[in-house]
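1. Turn this into a structure:
(one chain, ligands or ions: 2)
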Amino acid sequence: MANHPQFEALIRRDEILRRTAEIGSEVRASFGDHGEPLILCVALGGRVFCRHLLEHLERGLEVREVRCSSYGVRTESSGEVKIRGLEGLDLRGRDILVVEDIVDTGYTLSKLSARLEDLGAARVRTATLLSKPSRRVVEIDIEYIGFEVENHFVVGFGMDVAERFRDLPYVGVYDERLDPAVAGGTQRSAPA
Ligand code: IMP
Ligand code: MG
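-> Ligands and ions are numbered 1, 2, ... in the order given. The predicted structure is shown next:
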């Protein structure tokens with residue numbers, strides 16, 4: 001059975017939830033003048049933030065998911081982004097709120113926004129839990145940012161490293177020395 005290492009908490013759960021509620025009320029107040037909004041969650045990482053954000057929005061909104069994958073070396077993104085989940089949707093005239101876990105280089109978000117606009121969206125905005133401004137390669141506008149973080153690789157609250165640690169209830173700094181799956185992880189032999 002996997003055992004969660006105690007990664008250093010960068011952002012505590014209560015801080016995340018408080019900030020999410022603030023963003024929720026701003027988003028909620030901004031809906032209406034562009035017709036029925038579409039919440040577009042960038043899965044898998046954006047799911048946890050999206051679920052909490054939805055608790056602060058009106059009920060019955062249309063919610064969909066897209067998957068975006070970029071081909072890069074390890075944790076490094078690349079300009080090539082593959083988007084799945086928009087097939088067959090009529091997005092003409094729609095007011096779309098993209099919900100992301102983290103904006104790093106900005107490639108994913110800029111490609112996704114451009115695609116949505118190509119498909120006729122009337123308004124595309126983004127809410128992201130985290131942003132790493134020092135890593136930005138593509139300049140993009142982000143309307144709602146939970147927290148700006150330094151150049152750490154973070155996990156938890158939906159974010160992963162190799163599909164693990166999405167279930168941490170806070171945002172932590174990934175440290176492979178504490179990762180039991182990495183040879184030499186100090187928790188490997190630690191008592192439970
Ligand atoms: P970008 O295209 O470089 O902006 O990266 C976007 C995606 O890379 C995010 O949506 C995340 O899924 C992933 N990512 C970037 N930085 C981190 C991190 O520190 N932890 C986990 N995932 C990350
Ligand atoms: Mg993501």
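
2. I'd like the distance between residue 90 and residue 104.
-> 31 Å (Cβ to Cβ, to the nearest Å). Where C-beta positions appear, they are placed from N, C-alpha and C, glycine not excepted.

3. Quick check: chain neighbours aside, which residue is closest to the residue of the chain found nearest ligand 2?
-> Of all residues in the chain, residue 45 sits closest to ligand 2, at 3.6 Å by Cβ to the ion. Nearest residue to residue 45, sequence neighbours excluded (Cβ to Cβ, 6 or more residues apart in numbering): residue 101, at 3.5 Å.

4. what's the helix or strand for that neighbour?
-> strand 95-103 (DSSP states H and E).

5. between residue 90 and residue 104, who's got more neighbours?
-> residue 104 (24 against 8; other Cβ atoms under 10 Å).

6. and residue 6, how many neighbours does it have?
-> With other Cβ under 10 Å as criterion, residue 6 counts 10.

7. Residue 177 now?
-> 10.

8. measure it to residue 8 for me?
-> 11 Å.

9. Please apply the same query to residue 98.
-> Distance, residue 98 to residue 8, by Cβ to Cβ: 29 Å.

10. Can you show me the strands along the chain?
-> Secondary structure of the chain (DSSP state E): strands at 9-11, 37-43, 62-70, 81-84, 95-103, 123-131, 144-148, 154-155, 171-173.
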